[in-house]
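Undergrad: heads up, no residue letters with this:
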């Protein structure tokens, strides 16, 4: 859980790094863009001012050409119409930008060149016209020429007027307003002359405007075709007696869309790369930290495991040697007292008891190894609760009677038949009840209560089994370690009870595998209470009927005179098996390996052998290969029953034998009663 939280924190921090770096880089990008915008605006402002300057220079040039007339009038010379026409004919520009030259004494137009086409302007008083009055008065009062318009001209068309005021000096030396020298300009031709369209070629949109002299409204003087008014730069340009405003913007804006997108992309990619680098760095540090933690944990677990195994070896040393010493010692005594029947029977019983303990020790160790390797699996078969309880009672009845214990059980079960692994369930309770028997002194009491309880899964119930005894109990300090492998609170010397320290760890692992729970309460000198809960799927009616039919099947006991072929490479095992089978009245022959077994089967008539008992691990040819060859024979020999009789005792070994074509599986050391039942089933 902590690892998941740490990963989440790292990812959140990486996201924050991304957002922070994106903000920083994007801010830098905006700053660069803003600087670029300022540079572009400086260039645009210079372009606007340069354009206005060119306009002003051109206007000054025109006014300079008409200055001769102004000077002549100011010097008191009278200019006739012919002289006026001759003078301005010489000054006419080649582009015909100047539409007319006018002289307006006291503001009234009195002379015009050319007169043709401009007749309507003759006698027009500019000081009284509402549109021209303000500009004319401004020129008169300031003494400087003033640009006015564009206007709808009285002679027709549109034009701009340049008022140049004329003053004469009287006898007293005072200047007195005389009138105007007026240039009427074709403004469109003038704009073309200024080549403003080159601004568009240079990638600019523009507009030139001024305030109307009458009502201060905006009057557009010139503009490009598709002028846009968003984020424009406005430059105020002074002209004589007026201010023009030049609005300009690059065609694609101060910062182009491509530049903005590139800035955004660079900001995103840079931030993303930095985030990935940070994430890789933090995750590497995180993995290193996890690895260090796992190494420390592994070292700790290895140390604990070694300590546990060391304790196990110390605790088990006496327990292992005791049955071995008993077997060797009673075997020696058996040899010395071979003729004393009662002693021989007693010695044989003690040898068998010691052997069974050694076998249980081996089985426990192997089962623990299988659980740790994850190879333990559960069978799904019909289990009968009553049958299981009765079998456990039968198993423990001799020991209960021997120790004089009070043994009782109660049952409250609605569903007798459930689906589960009956062998594993039996193993669980053999261990639990077996511990109660071992650690409960003579005259003690053992009670078992089995109840059915609901389970939160459809078509499932659970059995709650409580095993309680009045044994020696366990200390409170030891209870947390009760499910540790090789763990025992007391050695067999202290408790006078042999044990491996593996039973309860195996029980815990099997219960966990079944999805159940186990709880143990204990007190020294008062006993132990073990509560187990295991869920089971409820068996269907069809499954129950099928199981009940199996229980009723008759198992014949008379199998005498049946001929067995035993494939066994070990001399001692072969001798034991052959002797026991012959004593049962069976006819037995032996093959030393799988190859010899197949050859013996081929040499005899088709129905000669009734069954083959097949070992698995043999030289020349193993049991699987021999079975495959037999099943591929082309006559009735291929159907002979084959029973695996092997030390490969696990469930996967049984399944592998069945998959190889064998009919059944019996594990070594062989329980002859089990073997005889299997033989009776197939013969």
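TA: Received, thanks. This is a predicted model, so every value here is computed, not measured.
Undergrad: Nearest spatial neighbour of residue 225, chain-adjacent residues omitted?
TA: On the basis of C-beta to C-beta, 6 or more residues apart in numbering, the spatially nearest residue to residue 225 that is not a chain neighbour turns out to be residue 200, at 7.7 Å. Just so you know, the C-beta spots here come from the backbone N, C-alpha and C atoms, and that holds for glycine as well.
Undergrad: would you say the one you found is within a helix?
TA: Yes - in this structure, residue 200 lies within a helix as judged by DSSP: H, G, I helix; E, B strand; the rest coil.
Undergrad: ok, it - how many residues close by?
TA: Using other C-beta atoms under 10 Å, residue 200 has 14 other residues around it.
Undergrad: Please pull up the helix or strand immediately following the worst-scoring helix or strand of the chain on mean pLDDT.
TA: Across the helices and strands of the chain, the lowest-confidence element by mean pLDDT, DSSP states H and E is helix 492-495, at a mean of 43. Sequence-wise, the next helix or strand downstream of helix 492-495 (DSSP states H and E) is helix 503-513.
Undergrad: buried sites along that following helix?
TA: 503-511 (16 or more other C-beta atoms under 10 Å).
Undergrad: could I get these as JSON lines with pLDDT and distance to residue 331?
TA: Written out in JSON lines, the entries for the buried residues of helix 503-513 read as follows (pLDDT from 0 to 100; distance: C-beta to C-beta, whole Å):
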{"residue": "503", "pLDDT": "69", "distance to residue 331": "28"}
{"residue": "504", "pLDDT": "79", "distance to residue 331": "33"}
{"residue": "505", "pLDDT": "80", "distance to residue 331": "33"}
{"residue": "506", "pLDDT": "78", "distance to residue 331": "31"}
{"residue": "507", "pLDDT": "83", "distance to residue 331": "34"}
{"residue": "508", "pLDDT": "85", "distance to residue 331": "37"}
{"residue": "509", "pLDDT": "83", "distance to residue 331": "36"}
{"residue": "510", "pLDDT": "84", "distance to residue 331": "36"}
{"residue": "511", "pLDDT": "88", "distance to residue 331": "40"}
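Undergrad: Show me the two of those that sit farthest apart.
TA: For the buried residues of helix 503-513, with distances taken as C-beta to C-beta, the pair at the greatest spread is 503 and 511 (12.6 Å).
Undergrad: Any figure for the gap between residue 116 and residue 517?
TA: The spacing between residue 116 and residue 517, counted by C-beta to C-beta, to the nearest Å, is 121 Å.
Undergrad: higher neighbour count, the two?
TA: For residue 116 against residue 517, the residue with the higher neighbour count under other C-beta under 10 Å is residue 517, and the figures read 15 against 7.
Undergrad: which residue packs closest to that one, ignoring adjacent ones?
TA: Of all residues beyond its chain neighbours, the one nearest residue 517 is residue 533 (4.9 Å), with distances taken as C-beta to C-beta, 6+ apart.
Undergrad: Low-confidence stretches in the stretch 401-550 of the chain?
TA: Per-residue confidence for the stretch 401-550 of the chain (pLDDT under 70) gives these ranges: 485-503, 549-550.
Undergrad: one more time with 80, if that's ok
TA: 423, 478, 481, 483-504, 506, 546-550 (pLDDT under 80).
Undergrad: check contacts around residue 73.
TA: 79, 103, 166, 168, 178-179, 181 (C-beta atoms under 8 Å, 6 or more residues apart in numbering).
Undergrad: hey, what's residue 183 bridged with?
TA: According to DSSP bridges, the residues that bridge with residue 183 are residue 101, residue 162.
Undergrad: Off-centre distance for stretch 393-409?
TA: In terms of C-alpha atoms, centre = their mean, to the nearest Å, the centre of stretch 393-409 is found 57 Å from the chain centre.
Undergrad: before we move on, back to that, inside strands: which ones of the contacts of residue 73?
TA: 103, 166, 168, 178-179, 181 (DSSP state E).
Undergrad: Correct me if wrong: the residue nearest to residue 517 contacts residue 516.
TA: Yes - checked against C-beta atoms under 8 Å, the pair residue 533 and residue 516 is within contact range at 5.2 Å.
Undergrad: list residues touching both of these two?
TA: Contact criterion C-beta under 8 Å, 6+ apart; residues shared by residue 533 and residue 516: residue 462.
Undergrad: Which pLDDT value belongs to the residue nearest to residue 657 when sequence neighbours are not counted?
TA: Excluding the flanking residues, the one nearest residue 657 by C-beta to C-beta, 6+ apart is residue 644, at 3.9 Å. You'll see residue 644 listed with a pLDDT of 91.
Undergrad: quick one: contacts for residue 644?
TA: Contacts for residue 644 (C-beta under 8 Å, 6+ apart) come out as 614-616, 623, 653-654, 657, 662, 664-666.
Undergrad: Same check on residue 279?
TA: Under the criterion of C-beta under 8 Å, 6+ apart, the neighbours of residue 279 are 10-11, 14.
Undergrad: Out of these, who's the most crowded?
TA: residue 14 (20 neighbours).
Undergrad: Can you verify my assumption that it contacts residue 275?
TA: Yes - at 5.2 Å, residue 14 counts as touching residue 275 under the criterion of C-beta under 8 Å.
Undergrad: Model confidence for residue 369, exactly?
TA: What the model reports for residue 369 is a pLDDT of 59.
Undergrad: neighbours around residue 202, how many?
TA: Counted by other C-beta under 10 Å, the residues lying close to residue 202 total 11.
Undergrad: which ones are touching it?
TA: By C-beta under 8 Å, 6+ apart, the contact list for residue 202 reads residue 47.
Undergrad: and the helix or strand harbouring residue 624, how far from the chain's centre?
TA: Secondary-structure assignment from DSSP H and E places residue 624 in helix 623-631. In terms of C-alpha atoms, centre = their mean, the centre of helix 623-631 is found 50 Å from the chain centre.
Undergrad: And the next helix or strand past that helix?
TA: Sequence-wise, the next helix or strand beyond helix 623-631 is strand 642-646, with elements assigned using DSSP H and E.
Undergrad: Can you check what angle separates that next one from helix 623-631?
TA: In this structure, strand 642-646 runs at an angle of 170 degrees to helix 623-631, with axes from the mean of the first three to the mean of the last three C-alpha atoms, to 10 degrees as the basis.
Undergrad: Go through this structure and flag its longest helix.
TA: Taking residue count as the measure and DSSP state H as the definition, the longest helix of the chain comes out as helix 257-336.
Undergrad: Let me see the mean pLDDT of that helix.
TA: Model confidence over helix 257-336, given as mean pLDDT, is 77.
Undergrad: could I get the contacts of residue 644 as CSV with secondary structure?
TA: As requested, the contacts of residue 644 are arranged in CSV below (three-state DSSP):
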residue, secondary structure
614, strand
615, coil
616, coil
623, helix
653, helix
654, helix
657, helix
662, coil
664, strand
665, strand
666, strand
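Undergrad: Quick check: of the residues you listed, which lies closest to residue 206?
TA: Using C-beta to C-beta, residue 653 comes nearest to residue 206 of the contacts of residue 644, at 95.6 Å.
Undergrad: residue contacts, the closest one?
TA: Shown in contact with residue 653 (C-beta under 8 Å, 6+ apart): 616, 644, 646, 665, 667.
Undergrad: Which of the contacts of residue 279 sits closest to residue 575?
TA: Proximity of the contacts of residue 279 to residue 575, judged by C-beta to C-beta, is greatest for residue 10, which lies at 68.5 Å.
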